[in-house]
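**Student:** Have a look at this fold, sequence not included:
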């Protein structure tokens, strides 16, 4: 009797689940049909404002299907992605956006381009066939968009910079693209070396007077106002501007933005590029949505240099941590600098997750070069520290050499 009741309960549960799935699919189909009506009306509208409003309503329906957990992994969600891409591709006016269309297709392919046996674990045979058909259609459409956008981008000067470097290295998939990025990083580093030297010279000067700052802190422990005043007086006496190291960083920001646009405009060509583990057999073994942009995907190992790659991002963050640790030369801000050495890589990790791995590779190479230069300037050629004790007038090793005698303490 108990077995019969249990069996009946299992059948009832299965029917309930099947019924809820049917209702969910029906609801999604209703939303798809509603969006299709909006699109049809928009294409017939002669008013630009009415047309844009109708497109926006259709897009809202498609996005609700994609975002809803009830439709996650379903053919309806795949169809919503495909229709969203077609909307962006074919829309008139301000809704027309080939990049949005392309990005949507990338998400569709990433989510549904899986082996048949994997799809069959959650979908029926008919649903699998339907999904595979949409994936095939998405791949063809993606190729069309890539060709159209790449043709348009090829007219831009930024595109020509990368294309020249790739051509210079032979246009070999496993070599030319990553090597072109390395060359670009080296060229940019050479160009901004004067700024970097000015920045690290300021850091080295601050490191030179670090012993005196520590003495001031020890003598006036707890009196932050006096410590600040004495420290600033010391900086003034030695002609040190504590903010001098910030200006080169501000100048470098436009360069960073420019490089990002160079790589972004060449993104479609970077799909042909591989690097070490990127593009190997274990690519796409794990992926996740980008925290700050859930519409983007980042992979543990990417298929090409246009996709986000977690392993490469982690290497970049380690290089950034090392660089920041080496630049901690101001003892008055030791605690803040230690905190920043941890917080900045974490923040940059969140910001750069999902960025093309080609961009991360460029920035990793650039950061390694900069860290090596930084170490040489600050630590490899370190100036003699100030030889004095708290309360004494500063006498440096340089002054000792010039005077030909040992430093003498000057009476107050």
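**Tutor:** Thanks, I have the structure now. Not measured: the values here are computed from a predicted model.

**Student:** if I look at the residue nearest the centre of the chain, how far off is residue 277?
**Tutor:** For the chain, the residue nearest the mean C-alpha position is residue 352 (1.4 Å; Cα atoms, centre = their mean). Distance of residue 352 to residue 277, given as Cβ to Cβ, to the nearest Å: 18 Å. Using the backbone N, CA and C atoms, a C-beta is placed for each residue, glycine as well.

**Student:** how's this protein carved up into domains?
**Tutor:** Domains of the chain are assigned by automatic domain parsing as 2-153, 176-381.

**Student:** Look at residue 40 and say how many residues are nearby.
**Tutor:** 12 (other Cβ atoms under 10 Å).

**Student:** Now do the SS call for it.
**Tutor:** helix (DSSP: H, G, I helix; E, B strand; the rest coil).

**Student:** for residue 283, same thing?
**Tutor:** coil.

**Student:** Give me whichever of the domains of the chain is most buried.
**Tutor:** Highest mean neighbour count of the domains of the chain: domain 176-381, a mean of 17 (counted as mean count of other Cβ atoms under 10 Å).

**Student:** about what we covered before: nearest to residue 164, out of the domains of the chain?
**Tutor:** domain 176-381 (8.5 Å; Cβ to Cβ).

**Student:** Report the distance from the closest one to the chain centre.
**Tutor:** Centroid separation for domain 176-381 versus its chain: 13 Å, with Cα atoms, centre = their mean, to the nearest Å.

**Student:** now stretch 30-39, how far from the chain's geometric center?
**Tutor:** For stretch 30-39, the distance to the chain centre is 35 Å (Cα atoms, centre = their mean).

**Student:** Stretch 100-118 too?
**Tutor:** Taking mean C-alpha positions (Cα atoms, centre = their mean), stretch 100-118 and its chain are 21 Å apart.

**Student:** same check, this time on stretch 26-43
**Tutor:** 35 Å.

**Student:** and it, average pLDDT?
**Tutor:** Across stretch 26-43, the average pLDDT comes to 93.

**Student:** same question, stretch 162-181
**Tutor:** Mean predicted confidence for stretch 162-181 is 93.

**Student:** Need the residues that contact that stretch.
**Tutor:** Around stretch 162-181, the neighbours that count as contacts under Cβ atoms under 8 Å, 6 or more residues apart in numbering are 154, 183-184, 262-263, 265-266, 269-270, 272-275, 279, 305, 358, 361-362, 365.

**Student:** Residue 322 and residue 371 touch, don't they?
**Tutor:** Yes. Using Cβ atoms under 8 Å, residue 322 is in contact with residue 371, at 5.9 Å.

**Student:** Following element in sequence after the helix or strand containing residue 349, please.
**Tutor:** Residue 349 belongs to helix 334-352 when assigned by DSSP states H and E. Later in the chain than helix 334-352, the nearest helix or strand by DSSP H and E is helix 357-375.

**Student:** That next one - contacts with which helices or strands?
**Tutor:** When contacts are defined as 3 or more Cβ pairs under 8 Å, 6 or more residues apart in numbering; DSSP states H and E, helix 357-375 packs onto helix 176-191, helix 193-208, helix 246-265, strand 308-309, helix 310-326, helix 334-352.

**Student:** Out of the ones you listed, which gets the lowest mean score?
**Tutor:** Lowest mean pLDDT within the helices and strands packed on helix 357-375: helix 193-208, a mean of 73.
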